[in-house]
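Q: Quick one, structure for this:
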Amino acid sequence: MIGSLLYVTATRPDVMQAVGQVARFQAAPKESHIIAVKRILRYLKGTEEYDLWYPKGNNLIIQAFIDADWAGSVDDRKSTSGATFYLGGCFVSWLSKKQTSISLSTVEAEYIAAASCCTQVLWMKQTLQDLQIQFSEPIPIFCDNTSAINISKNPVMHSKTKHIPIKYHFFREQVAEKNIKLEYVGTKEQIADIFTKPLPREAFEYLRQKLGICPSSH
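A: Model prediction:
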């Protein structure tokens, strides 16, 4: 069942976080995990008419949203990174993945999520440049943590960042070279939040609409 649900996430990213959660226990599932899988299936059955909507347009601006659920895993206290990627206002790629190391703060978790998102953004930019589409401005990545934004702009290593693995500071280098920029977005408008943790129904449905997942009759 998990394999089938992972296949479904290619067109229904709104269940990505839930499927990722149950997939962590597929080697030794318990009854609670089976119940969770059945709940996902009932949700999909009740929203069969929903799919991704891509409006017509010619604006090829790249944007990304990143978020992290700090210490969200009750088993090992690792955080979950979530990211959404837009091309011309259309939702084209997404990420929901547990981080490989334990973060000591929400700032560190968000900074690591931003670094992971950076590589995908640069790949998208390079692909479009190969098609002769140029970018004169840094590509914006939206984050709801002001401390993480400040760290990305500060070239000085200090007590809050010296323990973060060096590979993640690649992100700060890209900010300095003006390839990308980290900008603030309010928590309510943080679209990537839907990929990091379970949300109340109202917030979930609002972000689902922001992703561009609508009924086919829309």
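
Q: so where's the protein shaky on pLDDT?
A: For the chain, the stretches with pLDDT under 70 are 155-163, 217-218.

Q: where do the strands sit along it?
A: In the chain, the strands defined using DSSP state E lie at 50-52, 62-69, 80-87, 90-98, 139-143, 180-184, 213-215.

Q: Each with direction, which strands does the fourth one pair with?
A: Strand 90-98 has its sheet partners listed here by DSSP bridges as strand 80-87 (antiparallel).

Q: ok, residues contacting the partner strand?
A: Under the contact criterion C-beta atoms under 8 Å, 6 or more residues apart in numbering, strand 80-87 has outside partners 17, 20, 60-69, 72-73, 91-99, 109, 112-113, 116-117, 120-121, 124, 191-197, 211. In this view, the C-beta of every residue, glycine as well, is placed from N, C-alpha and C.

Q: Next, the buried residues of stretch 121-141.
A: For stretch 121-141, burial by neighbour count (16 or more other C-beta atoms under 10 Å) applies to 121, 122, 124, 125, 139, 140, 141.

Q: Can you get me the start-to-end distance on it?
A: In stretch 121-141, first residue to last residue: 9 Å (C-alpha to C-alpha, to the nearest Å).

Q: One more: stretch 193-207?
A: Its first and final residues considered, stretch 193-207 spans 8 Å by C-alpha to C-alpha.

Q: so how far is it off the chain centroid?
A: Stretch 193-207 sits 12 Å away from the centroid of its parent chain (C-alpha atoms, centre = their mean, to the nearest Å).

Q: how far away is the residue lying farthest from the centre of the chain from residue 37?
A: Residue farthest from the centre of the chain, counting by C-alpha atoms, centre = their mean, is residue 31 at 28.8 Å. For residue 31, the distance to residue 37 (C-beta to C-beta, to the nearest Å) stands at 11 Å.

Q: Excluding chain neighbours, what is closest to residue 105?
A: Nearest non-adjacent residue to residue 105, counting by C-beta to C-beta, 6 or more residues apart in numbering: residue 70, 7.2 Å away.

Q: Could you report the neighbour count for that neighbour?
A: Around residue 70 there are 21 other residues, counting by other C-beta atoms under 10 Å.

Q: mind listing what it touches?
A: Residue 70 makes contact with 79, 103, 105, 106, 109, 110 under the criterion C-beta under 8 Å, 6+ apart.
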